[in-house]
Structures are given as C-alpha cells and as structure tokens.
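Peer 1: Predicted model follows, preceded by the sequence.
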Amino acid sequence: MTQGAHTSPGRRTVLGAAVLGSAALSAGAGATAAQAHGRPAGAHPRLPVPTVIAHRGASGHRPEHTLGSYQLALDMGADVIEQDLVPTKDGHLVCRHENDITGTTDVADHPEFASRRTTKTVDGTALTGWFTEDFTLAELKTLRAKERIPGTRQENTVYDGRWAIPTFEEVLRWAEKEGRRRGRPVWLYVETKHPTYFRKLGLPLEEPLAKLLRRYGRHGADSPTFLQSFEPTSMRRMAKLVSTPRVVLLWTADDRPWDFRETGDPRTVADLITPAGLRWIASFAQGIGPLLDLVVPKDKDGRLGEPTTLVRDAHAKGLVLHPYTLRNENGFLPADFRRGTDPAAYGDVFGAYRAYFATGIDGIFTDQPDTGLLAAADFRAARR
C-alpha cells in the first residue's frame with residue numbers, strides 16, 4: 001500500500017494552514033513533525049502527523065470520559081483528547097460516550113433513582129437502563145464514574161468511584177488551566193452524540209455547544225479543537241454556527257447515518273466514501289473519521305487485507321483522515337497481530353500501528369495514547 005503514504009510538499013497541513021495555523025503544540029515538536037513530512041512549518045507549528053488522539057481520554061488506563069482519564073492522556077503527551085457530548089434533562093452538556101449511563105456509572109446502586117430505569121429506542125436500538133436526559137445536572141453529579149469493560153480492563157476498576165461525570169464546560173475550564181500551565185493549547189476533539197434523537201426531545205446539542213465554544217474562544221477556524229459526528233447534518237449545522245474544524249465519522253460501509261434515515265436520504269457510508277461523496281463532505285467539513293476497516297479491510301479470518309483507496313481519495317478532496325480505534329488488547333486487534341489466547345492481553349500493537357500508519361492516515365484514535373505516541377515517533381523516525 002503506497003496510497004497516500006508519502007505526503008507531497010504543500011498538499012496539506014493537518015487541516016490546512018488557514019484552518020489550524022495558530023493552534024499549536026510546542027514549537028520544536030510541531031516544526032520537527034512538519035519538516036519530517038515535507039510540509040513547511042510556517043510561522044506557527046501544527047499538530048504532528050500522525051496525530052495521536054486520546055479516545056475518551058486515556059481510557060485504556062482510567063475509566064473513560066473522566067477528568068482523571070483526560071488528565072492522564074494529557075500528561076502522557078496525547079496530541080488531542082476526545083469528548084463525547086450528551087445532554088442532561090436541564091440542558092447541560094456532559095461527557096459520556098452514550099446517554100445510557102448504566103455501564104459507566106454507579107447509578108444502579110442509587111435506590112433513589114431506581115424508578116428512572118426504563119427502556120428507550122435510541123437510533124433504532126432498544127436499550128434498557130438509565131439515561132442522562134432523565135436527570136438534572138445536580139442529580140447526575142451525585143453519581144460516580146466506573147470502568148465500562150471491567151472484564152477486559154480489571155486494573156481500571158481500582159479507580160471506580162473516584163471521579164464524577166464532567167460537564168463539557170468543566171472540561172473547557174480544565175483545558176484553559178492546563179493550557180496556561182503548559183504554555184500551549186490543549187487540543188480537544190468533540191463529538192455530538194445522537195443529535196437527531198436529542199433534537200426531537202427538545203434538547204439540541206449544536207446550539208449549546210456553539211455557545212460554549214464561543215465563550216471559551218474555540219469557535220474560530222484556527223481553534224485547537226475538532227468537532228465530529230456520525231450524523232453529517234450535525235456538522236453542517238455546526239458549520240453555520242462556528243468555524244471550528246469539523247469531521248464526519250463513518251461506520252461500516254453498509255451503515256446509513258441516522259439523520260439520513262430520518263430524512264429519507266438513501267445514501268450509505270459506501271456512498272459517502274466515493275469521490276462524489278467525499279466531495280460533498282468537503283463542502284462543509286475538513287476531515288473524516290472512518291472505521292479502521294474502511295481504510296484496511298479484514299479477511300474472513302480477521303487478518304488485514306489490502307488497503308482501500310480511501311486515504312488517496314479523501315486526500316484528493318483536501319480531507320484529513322483520523323480513523324478509529326486502535327487498542328492494545330488482543331480482542332480488539334486484527335488477528336495477525338494477536339499474541340496468545342487471552343483476549344485481554346496485549347498483542348503486537350506496534351506492528352498494527354505500523355500497518356495503519358503506512359497507509360498515509362493523518363492520525364488515529366487510541367485508548368492507550370502512551371503506546372500510540374511511541375508508535376508515531378517510531379514511524380516518523382523511520383521516514384527521516
């Protein structure tokens with residue numbers, strides 16, 4: 001796979017000099033990364049390529065979407081830290097991967113909330129549990145976060161109960177404080193979760209998010225922030241509210257984004273990753289976040305096959321690619337990089353990183369940013 005593996009001078013900055021020019025890592029690190037990839041460093045350093053994005057924070061080491069997870073990711077040196085946003089009953093945006101908080105909090109241990117357990121259909125899927133939209137922020141703050149997959153990450157359970165659910169505004173304040181302390185911006189990657197579902201409930205995500213971005217100065221095209229959604233229309237809506245760079249997330253090829261289903265748009269992800277589909281995305285977004293399988297498919301045995309043309313095709317439309325998600329554990333790795341039979345044991349994740357980085361992707365989401373940073377450094381060093 002040679003597609004997109006070598007970046008030609010001037011083809012791209014990370015999101016283009018005009019988009020991300022003034023948001024930076026440290027000058028030395030950014031300039032080195034830019035020069036290594038044949039890109040002029042310019043007056044302002046930019047994110048290194050490949051960019052290491054801490055998926056829900058350092059979620060391989062701490063319960064996800066907690067200030068503890070975000071802080072550890074930042075301390076490890078992650079280039080960007082992800083937040084997923086869902087609303088409370090009273091309209092606050094909080095950081096949870098899903099509005100169903102059954103598996104990520106101790107809500108089941110609170111008898112005062114037993115009657116809130118219910119069954120809902122979210123984007124066509126029936127779920128039974130407790131949901132953020134049925135709680136005020138004050139009520140949610142009485143809960144504590146816990147590890148989502150304790151069977152795989154038993155060591156993370158020692159931190160169960162240590163942190164509350166953070167609001168997005170608390171994260172913005174934390175990022176401001178850490179940015180001042182470190183002398184450089186803290187990059188955030190912010191996802192609107194189930195935006196059509198919540199808009200129907202009278203709890204829209206985009207307008208409150210835009211308000212917070214403006215309040216904390218993250219609304220410009222050069223903001224150290226990415227916005228993302230699996231619903232393209234959410235990013236189109238955000239494009240009208242703020243200039244913050246936007247990314248469309250893409251699931252399996254046969255998937256049809258939920259907003260498309262609601263509006264009768266017949267297109268699937270397979271349509272969106274064609275040159276015509278990518279051209280449409282580029283009309284309102286600056287990047288795509290594809291499932292890794294869209295970049296390198298697996299064969300029937302779960303081993304990596306030949307890369308698709310997605311990297312080349314997206315780059316041709318000026319889009320960056322930040323695929324998701326690489327994790328260290330065997331159970332999450334392609335079959336050819338597993339080691340031993342324990343699904344929770346670490347496999348040859350460095351080999352997997354090399355394979356994915358070789359396709360020319362611009363960055364990657366990972367639960368273990370410390371591993372990803374080492375792999376990215378190895379990859380850049382090998383190309384000098």
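Peer 2: Here it is on my side, so go on.

Peer 1: what about the strands in the chain?
Peer 2: 51-54, 80-87, 93-95, 118-122, 125-129, 188-192, 225-229, 246-250, 287-290, 320-321, 363-366 (DSSP state E).

Peer 1: what residues are up against residue 316?
Peer 2: Contacts for residue 316 (Cβ atoms under 8 Å, 6 or more residues apart in numbering) come out as 275, 278. In short, each C-beta sits where N, CA and C put it, glycine included.

Peer 1: thinking again about what came up before, got a markdown table for the strands of the chain, with distance to residue 372, mean pLDDT and mean neighbour count too?
Peer 2: Shown next, in a markdown table, are those (distance: least, Cβ to Cβ, whole Å; pLDDT from 0 to 100; neighbours: other Cβ atoms under 10 Å):
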| stretch | distance to residue 372 | mean pLDDT | mean neighbour count |
| --- | --- | --- | --- |
| strand 51-54 | 4 | 98 | 28 |
| strand 80-87 | 11 | 98 | 25 |
| strand 93-95 | 21 | 98 | 25 |
| strand 118-122 | 30 | 98 | 12 |
| strand 125-129 | 30 | 98 | 12 |
| strand 188-192 | 14 | 98 | 24 |
| strand 225-229 | 16 | 98 | 27 |
| strand 246-250 | 18 | 98 | 25 |
| strand 287-290 | 15 | 98 | 26 |
| strand 320-321 | 15 | 96 | 26 |
| strand 363-366 | 4 | 98 | 26 |
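
Peer 1: Could you export the ones you listed to a markdown table, including columns for distance to residue 266?
Peer 2: Shown next, in a markdown table, are these (distance: least, Cβ to Cβ, whole Å):
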| stretch | distance to residue 266 |
| --- | --- |
| strand 51-54 | 31 |
| strand 80-87 | 28 |
| strand 93-95 | 32 |
| strand 118-122 | 22 |
| strand 125-129 | 21 |
| strand 188-192 | 23 |
| strand 225-229 | 20 |
| strand 246-250 | 16 |
| strand 287-290 | 20 |
| strand 320-321 | 25 |
| strand 363-366 | 29 |
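
Peer 1: of the ones you listed, which approaches residue 336 most closely?
Peer 2: Comparing the strands of the chain by their distance to residue 336 (Cβ to Cβ), the top pick is strand 363-366, with 17.8 Å.

Peer 1: Tabulate the CA atom coordinates of that closest one in CSV.
Peer 2: Extracted as CSV, the C-alpha positions of strand 363-366 are listed here (Å, rounded to 0.1, in the frame of the first residue of the first chain):
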residue,chain,number,x,y,z
GLY,A,363,-3.9,10.4,12.8
ILE,A,364,-5.6,7.7,14.9
PHE,A,365,-7.8,7.3,17.9
THR,A,366,-6.4,5.1,20.6
